[in-house]
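Asker: Just a sequence and a predicted model for now, questions to come.
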Amino acid sequence: MLKMIDLPIKHQTKGFGIVEILVSLIISIVLSAGIFNLFQSNKRAYRLEQNLAELQQNGRFATTFLNRTIRLAGFRSQPKLDQMESYKDYQDIFPSGSELIAGTNDDVNGSDTLTIRYQGSSNGNIFDCLATPVQADKTAVSTFFINNQNQLVCAAVNNGVPNLNNPDVLVNNVEAMQIRFGEDLTNDGVVNRYVPPDYPDLDLKRVISVRVSLLLRTGDESSPVLDNKYYALQDTEVGPFNDHYLRKVFTTTVLLRSKRS
């Protein structure tokens with residue numbers, strides 16, 4: 001009797017079918033899209049944070065620079081004590097028409113201008129807005145304004161040498177500047193009102209403080225939402241701009257040292 005011998009069956013390797021390949025491709029595409037979206041989201045968040053930090057830094061620099069210069073308004077060179085000199089009278093140094101502080105209203109793009117006058121010192125620690133030392137007994141005139149490129153710039157007349165046609169850029173992306181002068185109407189050292197530079201009965205001799213408001217924006221359009229807000233610069237509103245820039249108002253109030261001495 002013949003005995004049947006079971007021969008081993010040879011197994012065949014089965015490859016991927018079209019369905020499995022399509023599923024794998026779809027999963028790969030979904031994962032790649034998720035990673036790309038995550039990368040783009042992180043990139044936008046980083047750019048937004050970077051622009052906000054730059055906006056804050058520019059605003060802080062602008063207000064600090066203006067504060068420092070405004071505090072110099074009316075500074076007089078120290079007299080030579082060894083020659084028994086005394087301080088010169090304010091009216092002799094800053095006569096009518098060349099007051100220690102002045103301004104214009106609604107100039108370029110509706111922004112104001114601000115002019116500060118002060119004398120220098122013999123030790124070289126008084127500078128104009130272009131960082132040039134002002135000599136003793138010489139008067140510097142520093143003028144701040146917004147140009148057509150939305151830049152806060154300054155022009156100077158120092159030691160009789162004008163630089164009005166070659167202003168120095170201080171901060172970019174400044175869209176507006178509003179100036180208000182604080183008047184002491186009762187001569188008690190207290191501000192009674194803040195008025196624009198062209199206010200009809202403004203007396204610059206009664207001004208004891210200056211309030212400056214600046215509107216700054218970011219360098220590029222990084223906001224995910226449309227900017228349709230109005231921005232209050234003291235008693236003036238600007239906007240809406242209907243773009244995707246980020247904006248912020250910076251306001252500073254400076255008491256004039258010369259009027260308190």
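Answerer: Sure thing, it's come through. Numbering: from 1, shown residues only.

Asker: Leu214 should be in a helix, yeah?
Answerer: No - going by DSSP: H, G, I helix; E, B strand; the rest coil, the assignment for Leu214 is strand, not a helix.

Asker: Need the three-state assignment for the residue lying closest to it once chain neighbours are set aside.
Answerer: Spatial nearest neighbour of Leu214, chain neighbours left out: Phe250 (4.9 Å); criterion: C-beta to C-beta, 6 or more residues apart in numbering. C-beta here means a position set from N, CA and C on the backbone, and glycine is covered the same way. Classification of Phe250 using three-state DSSP returns strand.

Asker: Go ahead and confirm Phe250 touches Phe61.
Answerer: No - using C-beta atoms under 8 Å, Phe250 is not in contact with Phe61, being 9.9 Å away.

Asker: ok, these two, which is more surrounded?
Answerer: Using other C-beta atoms under 10 Å as the criterion, Phe250 and Phe61 rank with Phe250 on top: 20 against 14.

Asker: So Pro224 versus Arg217, what's the distance?
Answerer: Using C-beta to C-beta, to the nearest Å, we find Pro224 at a distance of 16 Å from Arg217.

Asker: Between those two, point out the one with more neighbours.
Answerer: Each of Pro224 and Arg217 has its neighbours counted (other C-beta under 10 Å); Arg217 has more, 24 against 9.

Asker: Which element, helix or strand, includes the residue nearest in space to the middle of the chain?
Answerer: Compute the mean C-alpha point of the chain, and by C-alpha atoms, centre = their mean the closest residue is Gly59, 3.6 Å away. If you go by DSSP states H and E, Gly59 is part of helix 18-70.

Asker: just checking, what packs against that helix?
Answerer: If contacts are counted by 3 or more C-beta pairs under 8 Å, 6 or more residues apart in numbering; DSSP states H and E, helix 18-70 sits against strand 113-119, strand 139-146, strand 168-172, strand 207-217, strand 247-255.

Asker: Give me the average confidence score over whatever helix or strand comes next after it.
Answerer: Next along the chain after helix 18-70, taking DSSP H and E as the criterion, comes helix 90-93. For helix 90-93, the mean per-residue pLDDT is 83.

Asker: Need the CA coordinates for the very next helix or strand once past helix 90-93. PDB is fine.
Answerer: Using DSSP H and E, the helix or strand that follows helix 90-93 in sequence is strand 101-104. Listed next in PDB are the C-alpha coordinates belonging to strand 101-104 (Å, rounded to 0.1, in the frame of the first residue of the first chain):
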ATOM      1  CA  ILE A 101       9.100 126.200  22.900                       C
ATOM      2  CA  ALA A 102       6.800 126.500  19.900                       C
ATOM      3  CA  GLY A 103       4.900 124.400  17.400                       C
ATOM      4  CA  THR A 104       2.600 124.200  14.400                       C
END
